[in-house]
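[1] sequence and predicted structure are below.
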Amino acid sequence: MVKKENAFSDSKIVQLCSLPTEVEALPIQSLLASYGIKCILQSDVTRSVHPFIVDGLAEVRILILEEDLPKAREILKESGCSFS
């Protein structure tokens, strides 16, 4: 069994969803963390350098362990979150 501390380095990581901004991604990250699901927020821009939104430039992808995907989807469904 994979230890949770090293889980991201030893397991397959998948995209749970993508959101237009980090502001929208942070509550989902926090919700999943409250259920013990660790997330990585990934974006193609450094928001400290470019703190603005232009045609999806600031899109944030929420990545989780593949093994947590069904549980994470169920948590989001029950909480009423909608995402792409």
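    That came in fine, so what should we check first?

[2] pLDDT weak spots in this structure?
    Counting by pLDDT under 70, the chain shows low-confidence ranges at 1-9, 46-57, 83-84.

[3] quick test: name the residue nearest the centre of it.
    Ile62 (2.0 Å; C-alpha atoms, centre = their mean).

[4] who's in contact with that residue?
    15-19, 25, 28-29, 32, 39-42 (C-beta atoms under 8 Å, 6 or more residues apart in numbering). No exception for glycine: its C-beta is placed from N, CA and C like everyone else's.

[5] of those, closest to Ser79?
    Ranked by distance to Ser79 (C-beta to C-beta), the contacts of Ile62 are led by Ile28 at 8.7 Å.

[6] just the buried members of the contacts of Ile62?
    Neighbour counting with 16 or more other C-beta atoms under 10 Å marks Leu16, Cys17, Ser18, Leu19, Ala25, Ile28, Gln29, Leu32, Cys39 as buried within the contacts of Ile62.
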